[in-house]
Structures are given as C-alpha cells and as structure tokens.
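Engineer: Below is the sequence, then the predicted model.
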Amino acid sequence: MTQDSMTNPDSRTDSQSTDLEGSNQTSDPLVDSSIDTGQSGGSGGETRTVIESRNLDVFYDETQALQSVDIEIPAEKVTAIIGPSGCGKSTFLRCINRMNDLVDAARIEGELNFEGKNVYDDDVDPVVLRRKIGMVFQSPNPFPKSIYDNVAYGLDVQGIEGDYDAIVEKALRRAALWDEVKDQLDSSGLDLSGGQQQRLCIARAIAPDPDVLLMDEPASALDPVATSKVEDLIEELSEEYTVVIVTHNMQQAARISDKTAVFLTGGELAEFDNTDKIFENPESQRVEDYITGKFG
C-alpha cells in the first residue's frame, strides 16, 4: 500500500475494495441477529430511513474531515452530496460501508446507522456490510477479465450460489448494457468504451443485489453522451435501490436527485433537504452563496 492510499481515501480503487470483499467468502449475517434489510416501509406511503448519521466526526490523524454530521437518507431515492473540494463528501460516502477502515490514519466518532444498526459496532462484519452496500468509483475500473467474469466476480468471491448466467444477464440489463454486449460476453471488459466500462462496473456492483448503491462521482470521467446514459440509469436504479451519489456537478444533482446534502468547508453539513428546495430556496445563506457561485 502506498503512503498516498493510506492517507487519502480518494486514492482507493474499485479493485482494492473488491479485493477486500474477497477476504471473507462466508455468507455470515452482518451481525449475529441484528439487521433486517427487508423491513417494511411506513404506512401511508411514508419513506423510511435507511442510513442515518448522528454526531458523526471523522479525523485523519489530527485533521478533522467531518464535523457532527446528522443526516437521514431515505429508501429508494437518489440522494446527492455536493460541496466544494475537500469538504468531506467522499469521506462521508466511505463511512457508510466502512471503506475508511482501509485508511490507517482515519478515526470515526459518533454513529452511522444502516437499517437502525450502527455499522461501527464491534459485532458488525464490514465484509458482509459491503455486500449490502455496493460502491461505484469515480474512474471506470473493470478487471482484466471478460465482461461476463467482471459481473460474476463478486458472486464468486462471496460464495453466492445460483444461476450465474441469469444473474449476470439481469445485472447487465439493470445497468442498461445487456443489449450492447450480449453477443460479446467473452470479450475483455477493457475493450469497452469509457461509458460502457462504467456501466459494467455498476453491473458488477449490483450483481450481488445490495440494498444501497454508493456512487463517488461516477460520471466525472465520461463524455456528455455517456454521462447522460449513466444519469438515466441512476434514476432507474433508484426504483430498486437506495442511491447515494457524490458529485461536483450541481446541475447533475439538480437533474437526478430527490434529496441533496450540501457539505461546506471544514466538513460541515450545511443543509439537507429536498433537491428543489436546496436549489430554489435554501435556508442557509452560505448554501445560497455556494449554489449561485459566490464561493466554492
């Protein structure tokens, strides 16, 4: 591991996270008896909370990256996290599935709850947690394997049983890629275009059927056409998954998200509300200044 990857969580790659998942191939529950991710929703169309942080503080050595973050992320919605560079957006995302465990300098205080269970409790298995909370990274990073094997990789290392052909096809269809690659499943994933590679990584993330999909600037390295396809896909995926996306593109957040969280310098969650409210009538003057380009 390089020094940069130890101190800068954004230098992590998709393959590093998947290798970590492969370190435990059992199908043990997240904890002995705790999380039931099949909770029924509230009555009367109420949206239940899937992820909740309470007084969440994150430090890298002596540097505080997040300060007392309180947030409730709803099920089967797209929640966008925006803010200037260095404000803790990716740090918060990586707290959700304990990717910051890979950073020796990181220290987490407070609570980060998934389905009502603090994921930092001693009885939580982070490997199993990551099966329930998938992640897609900024740069498309398919493995040097066939398209089929890229999608099936997580199934294999996690010991998931079933009809792999059917699971791979379903994941590729969900990722809006099946029609483009169905006749070349044995071809290398590296031969695909950048946008196709990112959708392949999305298919790989959803093949094990997680409950939550985290996306760290998934379209920042793509051209406008590929970006549009990924945005359309995110909206479709939110019908089945809870999606949390970090983006520097405020227009993208306004287009595709239901809720928006604005992090500002110092790791402070300045405001969290419905997306139209954030962009049209924010409560905070600081947020309005950021949205209108007066700083950031």
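Structural biologist: Now that the structure is in, tell me what you want to look at.
Engineer: And for E161, the neighbour number?
Structural biologist: Look at E161: counted by other C-beta atoms under 10 Å, it has 7 neighbours. Where C-beta positions appear, they are placed from N, C-alpha and C, glycine not excepted.
Engineer: likewise P74?
Structural biologist: If you count neighbours by other C-beta under 10 Å, P74 ends up with 17.
Engineer: Next, find the distance separating it from N281.
Structural biologist: Applying C-beta to C-beta, to the nearest Å, the value for P74 to N281 is 20 Å.
Engineer: Please apply the same query to A176.
Structural biologist: 34 Å.
Engineer: again with T275
Structural biologist: Taking C-beta to C-beta as the measure, T275 falls 12 Å from N281.
Engineer: Between the two, tell me which one has more neighbours.
Structural biologist: Ranked by neighbour count (other C-beta under 10 Å), T275 and N281 place T275 first, with 21 against 9.
Engineer: what about the chain, any weak spots by pLDDT?
Structural biologist: Counting by pLDDT under 70, the chain contains low-confidence ranges at 1-46, 295-296.
Engineer: cutoff 80 now
Structural biologist: Within the chain, the stretches with pLDDT under 80 are 1-46, 157-159, 295-296.
Engineer: L56 - how many residues pack around it?
Structural biologist: 25.
Engineer: May I have the phi/psi pair for the residue nearest to P210 when sequence neighbours are not counted?
Structural biologist: Nearest residue to P210, sequence neighbours excluded (C-beta to C-beta, 6 or more residues apart in numbering): G134, at 4.0 Å. G134 adopts backbone torsions of phi -80, psi 170, taken as degrees, to the nearest 10.
Engineer: Adjust the sequence numbering to begin at 138 for everything that follows.
Structural biologist: Sure thing, new numbering starts at 138, so read that last one as G271.
Engineer: okay, now G271: neighbour count?
Structural biologist: By other C-beta under 10 Å, the residues close to G271 number 25.
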